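# any chance you could fold what I've pasted below:
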Amino acid sequence: MKGGHCEAPAGQRSNLDRLSTIGARLLRFARNDGIGFATGLALLLLTLAPAHAVRPDEMLADPGLEARAREVGRELRCLVCRNQSIDDSDADLAHDLRVLVRERIKGGDSDEQVVAYVRSRYGDFVLLRPPFEIGTLLLWGGPMLILLLGGVALVRFYRRREDTAAPPLSAEERRRLAAVLGGGEGTER
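Modelled structure (predicted):
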C-alpha cells in the first residue's frame, strides 16, 4: 500500500487519521469483552462505594458502641452537605456531630436519646428521615403536590390548544385560497 496514511510521517497525518486511529484502538479495546467489562464494572463499583468519612481518632474502642454510633450517624444529616449522613461527610460540622454522638453513646445514652438530643439542638432538618408531622407535611407532600400541579397544568394546556382551533373557512376565504394555490389568478390585493 504505497502512499497510504500509515506510511506518512506523523507530522503530515491529518486529524481525521488520528481520530480514526484512536477510534480503532478504542474499538479493539471494546472487543476484548472480558477485560473491558471487568474494568468498567470495577470502576463503577469503586465509585458507588460509600465514602465513610469517619476518622480513626473518632472511633470508639468498643466495637459494639462503635456499631451503635455508626447506626445513629446514618440517621443524621450533615447540615453542610445536605443529602449526606454525618458518617459520609467530611465537613467539620459533621465531624463535630460524630464526636458528639460518640460522647453521648459512651456516656450511656440510648440511640433514641442521642437522636433526640441532636434533634433538640438542630431541629428536624438534621434527621435524614424526618417524622411525618404538621411541620413536615410540605416536606413529605411537596413532591406529590408538584407532580399533581404539573399534571393539571399539562391537561389545561392541551385542552386550551383544542379549544382554540381555527374556525372553518368561509366560502369567500376558500375561494381566495383556491385562487392563491391555483396560480394566483383572480386574487385581490
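
# quick one: mean pLDDT over stretch 67-79.
What stretch 67-79 shows for mean pLDDT is 87.

# now it: buried residues?
Arg68, Ala69, Arg70, Val72, Gly73, Glu75, Leu76, Arg77, Cys78, Leu79 (16 or more other CB atoms under 10 Å). Where C-beta positions appear, they are placed from N, C-alpha and C, glycine not excepted.

# next one: stretch 85-93
For stretch 85-93, by 16+ other CB under 10 Å, it's Ser85, Ile86, Asp87, Asp88, Ser89.

# ok, the fourth one touching Cys78?
Yes: applying CB atoms under 8 Å as the test, Asp88 and Cys78 come out as touching, 7.4 Å apart.

# quick check, nearest of the buried residues of stretch 67-79 to Asp111?
Nearest to Asp111 among the buried residues of stretch 67-79: Val72, at 5.3 Å, using CB to CB.

# okay, domains of the protein per the record?
13-48, 63-126, 143-177 (automatic domain parsing).

# if I look at Glu75, how far off is Gln113?
Separation of Glu75 from Gln113 (CB to CB, to the nearest Å): 13 Å.

# and the strands in the chain, which stretches?
Secondary structure of the chain (DSSP state E): no strands located.

# for it, what are the low-confidence residue spans?
1-20, 22-38, 40-41, 43-61, 162-165, 183-189 (pLDDT under 70).
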